[in-house]
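okay, here's the prediction I keep looking at, along with the sequence it came from:
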Amino acid sequence: MQYIESAHVELKEALTADIKKEIVAFANSNGGEIFIGIARDGQVVGVQNAEADMERISNMILNGIRPDLSSYTTVERLLEQGKSIIRICVSRGAKRPYHLSDKGLKPSGVSVRHGVIAAPASEEAIRQMIRDSDGTTFDKARSPNQELTFAYATKFFAERQVKFDANHQRSLRLIDNDMYYTNAALLLSDQCEHSIKCAVYQGIGKTDFLARKELTGSILQQMDDAYQFISLNNKQRSQFEGLRRVDLHDYPEYALREALLNCIVHRDYDYSGSILINIFADRMEFLSLGGLVKGLTLADIMSGVSQSRNTVIAAVFYRLELIESYGTGIQRIIESYAGYSRQPKFSPAPSSFLVELPNINENHAIDSALADADKVLQLLAHQGEVSRRDVENLLQCSAFPATNVLNDLLRQGKIVRFGAARATRYRRSK
């Protein structure tokens, strides 16, 4: 028999530890054969102790490669020109990507056959193999990163008296049957690769930023941080009905909570982009990636029909009592705006879903801003010039709203600014 290396044949003069990489490459590609005891030029050199080498190869396959590849490999001894050689037959595996146990699901541990060499697989190739072989949704698939920590999630589960040990992680489907972390575990881990971006704008357009922040870490941490951010920007107005004081937030707290949870639980995590939360004077927008689940329409969603895209994450959030039941979130957002003239808007697109919550105090806020501006102009007419601190004392507010009023008057050309730093002053335009 003539021995020639090819895309399906690898020749090795002697057994070395590198043989694991060759086996992995064939299993991740289209299969092949490895002959030990054959030189690169095809010359038969044989092996000294075939039985010992075969035992070593079997141990390498059983202990050095994951997932289990034993059913896709055979190891046998052949006689060629009176010499013992070893043939390893490797079939294409069904649970790709296979990898070296001590390297993990990284390019250094995952190889593929490229011509006559075993080459490191790219990170995108690894992700694609996972998608192809698992044949399942994102949160059920194996995580490419298996070196996960759960500092925030462990604390979060403990606070809600929900167990989070390895056995319960398996029951929650954060660990699969082959003992791999799933992408659901990745999302809950401190190594989560997705984020939420929050921004506050001046007025109703995106011209002027007032604040912006990107939230990272476990999606549980992002949820807590995002809710804190939007709550700080959910201003409160007080009014009196007879002798009773009534406090009205710009946005119903329940609507904010449900809109945020909807973004986190139902977004399409196959997209690498961030959830966007934009806060304007008249509205708050929640934009998540991924349109409606295939087969559902907006009318279905509005009537309470629900089909979760991320069933594992939805089950975890249900277990943590963050969501009460499926299909009620949007209905409850609508119910929280009952009696108000402006209503929430839901805008699905092929690759995104937008929830827009109106500011129920918007008209009052505009009237209040106009009144504050008039007060500043009256003070300027009386004393000629003012500092920001004068405006704070006048309006009985902090630096932030005082600066907003002054900036609005500057944009309108009603006042001018002079001086710098702490010596900055304002006076009416001539």
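That came through, no problem. Residues are numbered from 1 along each chain as shown.

distance of the residue of the chain most remote from its centre from V44?
Computed with Cα atoms, centre = their mean, the maximum C-alpha offset from the centroid of the chain is found at G82, amounting to 59.9 Å. With the distance defined as Cβ to Cβ, to the nearest Å, G82 ends up 9 Å from V44. To be clear about C-beta, it is placed using only N, CA and C from the backbone, and glycine gets the same treatment.

one more: R66?
Relative to V44, R66 is positioned 33 Å away (Cβ to Cβ).

the two: which has the busier surroundings?
Just comparing R66 and V44: by other Cβ atoms under 10 Å the higher neighbour count belongs to R66, 22 against 16.

per-residue confidence at the more buried one?
With respect to pLDDT, R66 scores 94.

next one: it from A14, what distance?
Computed with Cβ to Cβ, the distance linking R66 and A14 is 25 Å.

what segments of the stretch 151-300 of the chain are helices?
Using DSSP state H, counting those that start in this stretch, the helices assigned to the stretch 151-300 of the chain run over residues 151-159, 166-171, 183-188, 219-232, 253-266, 298-302.

out of these, flag the one nearest D139.
Between D139 and those, the shortest gap by Cβ to Cβ is with helix 183-188, which sits at 4.0 Å.

what's the mean pLDDT across that closest one?
If you average the pLDDT over helix 183-188, you get 97.

chain center to that helix, what's the gap?
The gap between where helix 183-188 is centred and where its chain is centred comes out at 9 Å by Cα atoms, centre = their mean, to the nearest Å.

quick one: contacts of that helix?
With Cβ atoms under 8 Å, 6 or more residues apart in numbering as the contact definition, helix 183-188 has outside contacts at 138-143, 145, 148, 150, 153, 169, 172-175, 192-194, 218-220, 269, 310, 312-313, 316.

try 7 Å
Contacts of helix 183-188 with the rest of the structure, by Cβ atoms under 7 Å, 6 or more residues apart in numbering, involve 138-139, 141, 143, 145, 148, 150, 153, 169, 173-175, 192, 218-220, 269, 312-313, 316.

F157 and F164 touch, don't they?
Yes: between F157 and F164 there is a contact at 3.9 Å, judged by Cβ atoms under 7 Å.

who has more neighbours, those two?
Applying other Cβ under 10 Å to F157 and F164 shows that F157 carries more neighbours, namely 22 against 18.

picking that back up, make JSON lines from the helices of the stretch 151-300 of the chain and add distance to E362 to it.
Listed next are these as JSON lines, based on distance: least, Cβ to Cβ, whole Å:
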{"stretch": "helix 151-159", "distance to E362": "35"}
{"stretch": "helix 166-171", "distance to E362": "45"}
{"stretch": "helix 183-188", "distance to E362": "35"}
{"stretch": "helix 219-232", "distance to E362": "16"}
{"stretch": "helix 253-266", "distance to E362": "15"}
{"stretch": "helix 298-302", "distance to E362": "24"}
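
can you show me the strands along the stretch 101-250 of the chain?
Taking DSSP state E, counting those that start in this stretch as the test, the strands found in the stretch 101-250 of the chain are 111-114, 117-120, 196-201, 209-215, 236-241, 244-249.

from those strands, which stretch is densest packed?
Neighbour counts (mean count of other Cβ atoms under 10 Å) averaged over each of these peak at strand 111-114, with a mean of 21.

give me the sheet partners of that one and which way each runs.
Sheet pairing here is set by DSSP bridges, and for strand 111-114 it gives strand 117-120 (antiparallel).

dump the strand it pairs with to PDB, keeping only the CA atoms.
Output of strand 117-120 as PDB, limited to C-alpha atoms (Å, rounded to 0.1, in the frame of the first residue of the first chain):
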ATOM      1  CA  ILE A 117      -2.500  20.200   8.500                       C
ATOM      2  CA  ALA A 118      -4.500  20.600  11.700                       C
ATOM      3  CA  ALA A 119      -5.100  24.300  12.000                       C
ATOM      4  CA  PRO A 120      -6.700  26.300  14.900                       C
END
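
which residues sit against that strand?
Strand 117-120 has contacts (Cβ under 7 Å, 6+ apart) with K21, E22, A25, P107, S108, V110, S111, V112.

now do stretch 282-289
Taking Cβ under 7 Å, 6+ apart as the criterion, the residues outside stretch 282-289 that touch it are 204, 230, 251, 259-260, 263, 266-268, 271, 273, 275-278, 351-359, 362.

can you dump the C-alpha atoms of it in PDB for me?
What follows is the C-alpha trace of stretch 282-289 in PDB, where atoms were taken according to Å, rounded to 0.1, in the frame of the first residue of the first chain:
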ATOM      1  CA  ASP A 282     -41.500  63.500  26.500                       C
ATOM      2  CA  ARG A 283     -40.800  59.700  26.400                       C
ATOM      3  CA  MET A 284     -38.600  56.700  27.300                       C
ATOM      4  CA  GLU A 285     -37.600  54.200  24.600                       C
ATOM      5  CA  PHE A 286     -36.600  50.600  25.100                       C
ATOM      6  CA  LEU A 287     -35.000  49.000  22.000                       C
ATOM      7  CA  SER A 288     -34.100  45.400  22.000                       C
ATOM      8  CA  LEU A 289     -32.600  43.400  19.200                       C
END
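
sorry, back to before: of all the strands of the stretch 101-250 of the chain, which one is nearest L100?
Closest among the strands of the stretch 101-250 of the chain, once you apply Cβ to Cβ, is strand 111-114, at 8.3 Å.

so for that closest one, mean pLDDT?
Strand 111-114 shows a mean pLDDT of 95 in the predicted model.

got the CA coordinates for it in PDB?
Below are the C-alpha coordinates for strand 111-114, written out as PDB (Å, rounded to 0.1, in the frame of the first residue of the first chain):
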ATOM      1  CA  SER A 111      -8.500  22.400  15.500                       C
ATOM      2  CA  VAL A 112      -9.900  21.700  12.000                       C
ATOM      3  CA  ARG A 113      -8.400  19.900   9.000                       C
ATOM      4  CA  HIS A 114      -7.100  22.400   6.500                       C
END
